[in-house]
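Enquirer: Build me a structure from this.
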Amino acid sequence: MLPGSRLRTAVGVLAVVGVEVVERPALDEEEARRAGFDSRDDLLAMLDKRGRGEIHRVELRYAGADPRVELRNRADLSEAEVDDIARRLERLDRGSRHGAWTKATLELIATRPEVRAEELAADMGREKLPFKRDVRKLKELGLTESLSPGYRLSPRGEAVLKALARESRSRG
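Expert: Purely as a prediction, here's the structure:
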């Protein structure tokens, strides 16, 4: 984690303002509370469980909403936008070691929302972790949303899947 980097979290994007090594005696009650602990003793107990090593103080600031949230809600897509997304999906399929997967994954999530990744992966004959990595790629395009448990298509994902289906019908 480097100053200037950004992290996407459930609360939005966090900017890393600073990272510094601190000595154990420098940790006080106020700092422990700001880090989410009830007391300095609780903070030190957590650090002790992690074993020896440097202690880093990381300063974060809220940098805004996750841009994927706005993206996934944009369902009114132009033909050019749909074409661009289709090209990106084709690129993901071509780069895959397990063949074309994007449309099948979108269709599976559409028909089985809120189903655990392990079950969806098994339905596709895949391992859970590689499947989840692939779904994250779809999430980066604003096509899916993570739930607890499982996933669902975003409004953008639904629009893209409908457009891909129309395109398939017109070709076939």
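
Enquirer: What is the neighbour count of Leu106?
Expert: 22 (other C-beta atoms under 10 Å). C-beta here means a position set from N, CA and C on the backbone, and glycine is covered the same way.

Enquirer: Oops, could you answer that again for Arg24 instead?
Expert: Arg24 has 10 nearby residues by other C-beta under 10 Å.

Enquirer: give me phi/psi at the residue lying closest to it once chain neighbours are set aside?
Expert: Leaving aside its chain neighbours, Arg24 sits nearest to Ile55 (6.4 Å; criterion: C-beta to C-beta, 6 or more residues apart in numbering). Reported as degrees, to the nearest 10, the phi and psi values for Ile55 are phi -100, psi 130.

Enquirer: list the contacts for Ile55?
Expert: Shown in contact with Ile55 (C-beta atoms under 8 Å, 6 or more residues apart in numbering): 21-24, 27, 47.

Enquirer: Tell me, what's the model's pLDDT at it?
Expert: pLDDT for Ile55: 91.

Enquirer: And the contacts of Ile55, which two are furthest apart?
Expert: Maximum pairwise distance among the contacts of Ile55 (C-beta to C-beta): 13.1 Å, between Val21 and Leu47.

Enquirer: Check what contacts the lowest-mean-pLDDT helix or strand in the chain and list those residues.
Expert: Least confident element among the helices and strands of the chain, by mean pLDDT, DSSP states H and E: helix 67-73 (a mean of 85). Under the criterion C-beta under 8 Å, 6+ apart, residues 8, 13, 139-145, 154-157 lie in contact with helix 67-73.

Enquirer: which stretch of helix or strand covers the residue nearest the centre of the chain?
Expert: Central residue of the chain (C-alpha atoms, centre = their mean): Arg136, 5.5 Å from the mean position. Using DSSP states H and E, Arg136 falls within helix 128-140.

Enquirer: Could you name the helices and strands sitting against that helix?
Expert: Counting contacts by 3 or more C-beta pairs under 8 Å, 6 or more residues apart in numbering; DSSP states H and E, helix 128-140 packs against helix 67-73, helix 102-111, helix 117-123, strand 144-146.
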